[in-house]
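Q: Sequence first, predicted coordinates after that:
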Amino acid sequence: MTKSTIRLLALLVFYNLVDIRLSVAQEQSFLDSCLYNVENATNDREKIEAIEFLAERFCSTYPDTVIHFAKKGAYLAVKLNDKKRQGRFIHNIGVAHTYLSEYSDALEYFLNASEMSVELKDTSSLSITYTMIGHVYRYIGNLDSAELFYDRAISFKSLAQDTVALSHYYNNIGIVNMMRSNYDIGMEQWARSLELKLALGDSNGAAITMGNMAMYYRDIGNTEKALSYFLSAARIHKNTKDYEGEGLVYDNLGELYMMADQPKLGEVYYKKALRIFKRIHSKDRVSRTYRNMAKFLNLHEDFARAYLYLDSHLVINQEVINESILKDMDVIKSRHAAENSALKVKNLQIENELKDEHSKQQELVRYGLMGILLLLVVFALFIVWKFIQKKKDNAIISAQKSLVEEQKVQVEFQKNILHEKNMEITDSITYAKRLQNAMLPDLGEFRALFENGFLLYLPKDIVAGDFYWTQNVDGYSFFAVADCTGHGVPGALVSVVCSNALNRAVKEFGCIDPHEVLDKTSELVEGTFCSNEEEVMDGMDIALCCFNHKTKELFYAGANNDLYLISKNEISIYKAAKRPVGAFSYQSEFVTHKIDYQEGDRIYLFSDGYADQFGGERGKKFKYSNFRKLLLDNSELDMNDQKDLLQETIIKWRGELEQIDDICVMGIQL
């Protein structure tokens, strides 16, 4: 592929992006508001609607957050038996993975979403999902598959009526043909798209297509046609008051004339672009235009003016960097303010109550003084009356003081009762922790199985939803790390059910293959939670291994929790099924993987608590990519030293932020 083709495709991607015009601070503030609505929803219906809005709105700007909450939304949709919403959440997870360039995961979720749309006969949603699958295949260079899914997407539309969908179809197929170097066919498709957009009155869409066509003609040296399309696009942007689009066209015209060896005309259009960008306060665009002017004037050996424009670029670029830093600081401040808002409101309420009480006392004093002044005026005639009145006033004040003291005693009494109740609850939970610890395998058993290994177990609360599990049956050793729904007391209750189900699966039912163990465990958990009229939609994510002591073979199956293998300074990921253990209707099945290992290799089982912990300078998630890098970079350490490093790293990362979930990591050197 030629350099001009690569350059053209880069610009095509630019012209097809959605322009989010909110500033970073505004976007963060809007996200915080949406998160508040999710956390403060009074019922499942309100919560799922709040999550749905968040997942639709922030796919491009906060994809990690969307993935986290869309999964919760999918669970709620199953609980509410809302399959259409469940499919939309799965689709949104795929979109978020696309923005993260995680195309394999994106395709998996899009295909699941498409299967649900087929089941529901929802052709509108199916068309949108097929289009997204086409985009993903296009991004990874599989153009045949991209064209196939674009064709499938348009097959559900009535082409005589849905001309909007047809205009997008021609645009997408045009891009595919351009990437295949079928430039004539690509331009023909774009021309059809342009004709439809003009007929529909889609001015901005037409201007973008004109810009794409103009850049193609510019890159193949057809200055006349490029100029014609650029000028047409500029007129449309000007008429629709899309000043940024108009400025971008002028910037491209400047480059066109510079490439055509007409630097004076090129500089004229660059200056037009500068005037517009300055008027709309787009410092980033101003900086880039100065840089382009300096580059081309340097090529034309006008070094003096090239230096001046380069200097202007550097000055404004530094301002953009400084403003970005200030915006980041504002985001941190606003987040801190939001965290303390509830406390401030409570303090304000107490302050207002004290002010009201003080105001009442001042009012009483004021009435007393007025009475005294009046008595002084008529002292001689009403001396006896003054004495009686003063006595009454004192009685009122005394009664009020007594009332205040009585209320104070009552408040203190209620406070003591609440403290005692809290202590009783805490004692009960602490005792529950002892029971849960008794349920967990003894560390001596773990070390007997694996001499060189570690367990990092950090519950969020006194009791936890995460747990680790081991079992020896007839020459087989089972070991697992599990993450039950929720944390604290609810999570601990679910963990008891799930741990018991695992024990029954291997001991009572004799399951050996990991995927059979998970199938039977899921069946037992569902049976436990659905044993009466009230159905509980809870379960667990798990990474489960089985080691055959006779053959030295190691097998793994997982539910949402992957397994990492480090061998010869390389890390391999064994994927889990995209479903939990428990009462959730998912299409994917549990699969057993045989782990190909050599002596000295290391495996890691873990819950999502480590990677999902917020922290660092920007308060973001630690992420699985950083978790894998941390394991790989320190794979030469002794296992106990590696455990200490993992614990120190996550504590330092979290800083003063709250731990958001239970953390459990199991590492074993084979």
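A: Nice, thanks for sending it over. Numbering: from 1, shown residues only.
Q: Just the CA trace of the helix or strand harbouring residue 289, in CSV.
A: For residue 289, the host element (DSSP states H and E) is helix 283-299. As requested, the backbone C-alpha atoms of helix 283-299 are provided in CSV (Å, rounded to 0.1, in the frame of the first residue of the first chain):
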residue,chain,number,x,y,z
LYS,A,283,-6.2,26.1,20.5
ASP,A,284,-5.4,22.6,19.5
ARG,A,285,-6.5,23.2,15.9
VAL,A,286,-4.6,26.6,15.9
SER,A,287,-1.4,24.8,17.0
ARG,A,288,-1.7,22.1,14.3
THR,A,289,-2.3,24.7,11.6
TYR,A,290,0.8,26.7,12.6
ARG,A,291,2.8,23.4,12.6
ASN,A,292,1.5,22.6,9.0
MET,A,293,2.4,26.1,7.8
ALA,A,294,5.9,25.8,9.2
LYS,A,295,6.4,22.4,7.7
PHE,A,296,5.5,23.5,4.1
LEU,A,297,7.2,26.9,4.3
ASN,A,298,10.4,25.0,5.3
LEU,A,299,10.0,22.7,2.3
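Q: Packing partners of it?
A: Where contact means 3 or more C-beta pairs under 8 Å, 6 or more residues apart in numbering; DSSP states H and E, helix 283-299 is packed against helix 243-259, helix 263-279, helix 303-339. In this view, the C-beta of every residue, glycine as well, is placed from N, C-alpha and C.
Q: Select, out of those, the one closest to residue 36.
A: Distance to residue 36, taken as C-beta to C-beta, is lowest for helix 303-339 among the helices and strands packed on helix 283-299, at 7.7 Å.
Q: average pLDDT across that closest one?
A: Over the span of helix 303-339, the pLDDT mean works out to 64.
Q: Pretty sure residue 89 sits against residue 55.
A: Yes: applying C-beta atoms under 8 Å, one finds residue 89 in contact with residue 55, separated by 6.3 Å.
Q: Of the helices and strands packed on helix 283-299, flag the one that's most buried.
A: Burial of these is given as mean neighbour count (mean count of other C-beta atoms under 10 Å); helix 243-259 ranks first at a mean of 22.
Q: Just name whatever secondary elements that helix is in contact with.
A: If contacts are counted by 3+ C-beta pairs under 8 Å, 6+ apart, helix 243-259 sits against helix 203-219, helix 223-239, helix 263-279, helix 283-299.
Q: Quick one: low-confidence residue ranges for the stretch 401-550 of the chain.
A: Counting by pLDDT under 70, the stretch 401-550 of the chain has low-confidence residues at 402, 404, 409, 411, 413, 416-438, 486-488, 531-537.
Q: rerun that using 80 as the cut-off
A: Judged by pLDDT under 80, the stretch 401-550 of the chain has its weakly predicted residues at 401-439, 442-445, 448, 486-492, 529-538.
Q: Show me the helices in it, by range?
A: 443-449, 488-503, 514-529 (DSSP state H, counting those that start in this stretch).
Q: Only alpha carbons, please: show the shortest one as PDB.
A: Output of helix 443-449 as PDB, limited to C-alpha atoms (Å, rounded to 0.1, in the frame of the first residue of the first chain):
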ATOM      1  CA  LEU A 443      -3.000 -22.900  54.400                       C
ATOM      2  CA  GLY A 444      -1.100 -26.000  55.500                       C
ATOM      3  CA  GLU A 445      -3.100 -28.100  53.100                       C
ATOM      4  CA  PHE A 446      -2.400 -25.600  50.300                       C
ATOM      5  CA  ARG A 447       1.400 -25.700  51.000                       C
ATOM      6  CA  ALA A 448       1.300 -29.500  51.200                       C
ATOM      7  CA  LEU A 449      -0.100 -29.600  47.600                       C
END
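Q: Contacts for it, please.
A: Contact with helix 443-449 is made by 453, 455, 468, 470, 472, 477, 479, 547, as judged by C-beta atoms under 8 Å, 6 or more residues apart in numbering.
Q: let's go with 10 Å and repeat that
A: Contact partners of helix 443-449, identified using C-beta atoms under 10 Å, 6 or more residues apart in numbering, comprise 440-442, 453-455, 457, 468, 470-472, 477-479, 547, 549, 666, 668.
Q: thinking again about what came up before, tilt between the helix holding residue 289 and helix 243-259?
A: Using axes from the mean of the first three to the mean of the last three C-alpha atoms, to 10 degrees, one finds that helix 283-299 and helix 243-259 are set 10 degrees apart in direction.
Q: Alright, that wraps it up for me.
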